[in-house]
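Visitor: This is a predicted model, with the sequence first.
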2 protein chains.
Amino acid sequence: MATIIGYKLRRAQLYVFQDFLETFSRLKLRPAEFSVLTIIANTPGLKQSEIAEMLGIKRANFVALMDGIEKRGLAERRKADTDRRSHSLHLTPQGTKFVRKMAAVWAEHENRMIARLGGPEERDRLIELLDRLLGTPEN
Amino acid sequence: MATIIGYKLRRAQLYVFQDFLETFSRLKLRPAEFSVLTIIANTPGLKQSEIAEMLGIKRANFVALMDGIEKRGLAERRKADTDRRSHSLHLTPQGTKFVRKMAAVWAEHENRMIARLGGPEERDRLIELLDRLLGTPEN
DNA sequence: TATTGTTATACTCTATAACTATA
DNA sequence: TATAGTTATAGAGTATAACAATA
């Protein structure tokens, strides 16, 4: 196939997301929800629009995503008293438990991908090359 | 971000596709159309469903895609006389000219990506790692 | 006047079922 | 009966405009 980089990148991304989807089907969790919960767990109190922007999700589309997470009792919106227009996001106690399970399931998925690559060093090489494409200076 | 491989892969793929889209906006060509024209140019006479499968596109969704390409006069469906259910796909003379222009525009895009990676050797390393994920044995 | 979250809407991709014409 | 192409349709994901509450 001709447009080598873009085409292979897309195929590989679809493969990894497919494995993610199957691995996480028991938790009924999609990649976007996984990312949101991970960020809330690591940095509680961020505003909706901050998390949306970190993930490249339009804030309008973030609403339904967050509705689902909140309806499942995993995280909640709190009116910030410094700026009462914004909602700061926090895990519920149940969400904290869920994130622990989630992390274990994630390790299973990620280890499978690392094994396909040939080990952690190869994973690091891949991440470094992807960071070059993204112009991210080492993070 | 936690789900490192999948997340970075997705971000990098979106970046490359964005560059592709901008580069090809003058030709009004999407990645899927590019792929289809490239395959028809390299292997004329394949059936619709063969090309669709090579690209991971459902044959039902291939119809509108091919309609657009045909309407632009770049390629055409021909009834195969061995099996008159199937359509074999061929470039038109105009399509052959278009594919030449397309290849030049593609080189511009691909070279920009290769430069970001740090050169052709780094591109090769990336492709090799992506092939490992895909389980493709060296191609 | 500008920003945050929200609603409504539209467009693209993708997936499935059912039809037709051929085999 | 099975297959290639087709149609219709539904679901995600994504993008924009406009509104209410608040700044």
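Guide: Received the coordinates, thanks.

Visitor: can you give me the helices in chain A?
Guide: Remark: helices assigned in chain A by DSSP state H are A:4-23, A:31-42, A:48-54, A:59-71, A:93-117, A:120-134.

Visitor: which one of those lies closest to DNA strand D?
Guide: Proximity to DNA strand D (Cβ to the nearest atom of the strand) singles out helix A:59-71 among these, at 3.3 Å. Glycine gets a C-beta too; all of them are placed from N, C-alpha and C.

Visitor: Just the buried residues of that closest one, please?
Guide: Residues A:62, A:65-66, A:69-70 are the ones in helix A:59-71 that count as buried (16 or more other Cβ atoms under 10 Å in any protein chain shown).

Visitor: Nearest to residue A:104 among those?
Guide: If you rank the buried residues of helix A:59-71 by distance to residue A:104 using Cβ to Cβ, residue A:69 comes first, at 19.2 Å.

Visitor: does the closest one really touch residue A:39, like I thought?
Guide: No. The pair residue A:69 / residue A:39 is not scored as a contact, 11.4 Å apart, by Cβ atoms under 8 Å.

Visitor: Give me the neighbour count for residue A:90.
Guide: 16 (other Cβ atoms under 10 Å in any protein chain shown).

Visitor: still on that earlier bit, quick one: the helices of chain A as JSON lines, columns for distance to residue B:47 too.
Guide: Below are the helices of chain A laid out as JSON lines (distance: least, Cβ to Cβ, whole Å):
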{"stretch": "helix A:4-23", "distance to residue B:47": "21"}
{"stretch": "helix A:31-42", "distance to residue B:47": "34"}
{"stretch": "helix A:48-54", "distance to residue B:47": "44"}
{"stretch": "helix A:59-71", "distance to residue B:47": "38"}
{"stretch": "helix A:93-117", "distance to residue B:47": "32"}
{"stretch": "helix A:120-134", "distance to residue B:47": "35"}
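
Visitor: Now mean pLDDT and distance to residue B:97 too, for the ones you listed, in CSV please.
Guide: Converted to CSV, the helices of chain A look like this (pLDDT from 0 to 100; distance: least, Cβ to Cβ, whole Å):
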stretch, mean pLDDT, distance to residue B:97
helix A:4-23, 96, 23
helix A:31-42, 98, 42
helix A:48-54, 98, 43
helix A:59-71, 98, 41
helix A:93-117, 97, 42
helix A:120-134, 97, 32
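
Visitor: of the ones you listed, which approaches residue B:57 most closely?
Guide: Nearest to residue B:57, of all the helices of chain A, is helix A:4-23, at 11.9 Å by Cβ to Cβ.

Visitor: Show me what the closest one is packed up against.
Guide: helix A:31-42, helix A:93-117, helix B:4-23, helix B:31-42, helix B:93-117, helix B:120-134 (3 or more Cβ pairs under 8 Å, 6 or more residues apart in numbering or on different chains; DSSP states H and E).
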